[in-house]
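> Quick one: sequence and predicted model below, then my questions.
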Amino acid sequence: MDEKMRKNGRKHEIILLDREHMQVTGVSDVESFDSEEFLLNTEAGYLNIHGQNLHIRTLDLEQGKVIIEGFVFDIVYLNEGYSSEKAKGFFGRLFK
């Protein structure tokens, strides 16, 4: 991972305050989102955030920064081998 961070020059970090304000750095893309779930592609892999009344407050992909507000239930990194299509398909089936 250190090698990957050096190549891209971005550090991945999550700061969560009171389960209601989350800042994520090292984000390369927002794959999908709605008021209950976000799927972010980060320097550390796909990150799934599940919660209630979630919304983007700040999105700056040039800087690799996303700020999400709402009540966070859980934060999970998806296993290696997930592509964005697999991740979208999995969560699309799960939350239909």
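The structure has been received and is ready for your questions.
> Okay, helices next: where are they in this protein?
2-8, 84-94 (DSSP state H).
> Worst mean pLDDT among these?
Mean pLDDT across the helices of the chain is lowest at helix 2-8; the value there is a mean of 51.
> need the contact list for the nearest residue to Asp29 once chain neighbours are set aside.
Excluding the flanking residues, the one nearest Asp29 by CB to CB, 6 or more residues apart in numbering is Asn41, at 4.2 Å. The C-beta positions use only the backbone N, C-alpha and C, and glycine is treated the same way. For Asn41, the contact set (CB atoms under 8 Å, 6 or more residues apart in numbering) comprises Val27, Ser28, Asp29, Val30, Glu31, Leu47, Ser84.
> Now render those as JSON lines, adding distance to Glu13.
Shown next, in JSON lines, are the contacts of Asn41 (distance: CB to CB, whole Å):
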{"residue": "Val27", "distance to Glu13": "10"}
{"residue": "Ser28", "distance to Glu13": "14"}
{"residue": "Asp29", "distance to Glu13": "17"}
{"residue": "Val30", "distance to Glu13": "17"}
{"residue": "Glu31", "distance to Glu13": "19"}
{"residue": "Leu47", "distance to Glu13": "11"}
{"residue": "Ser84", "distance to Glu13": "22"}
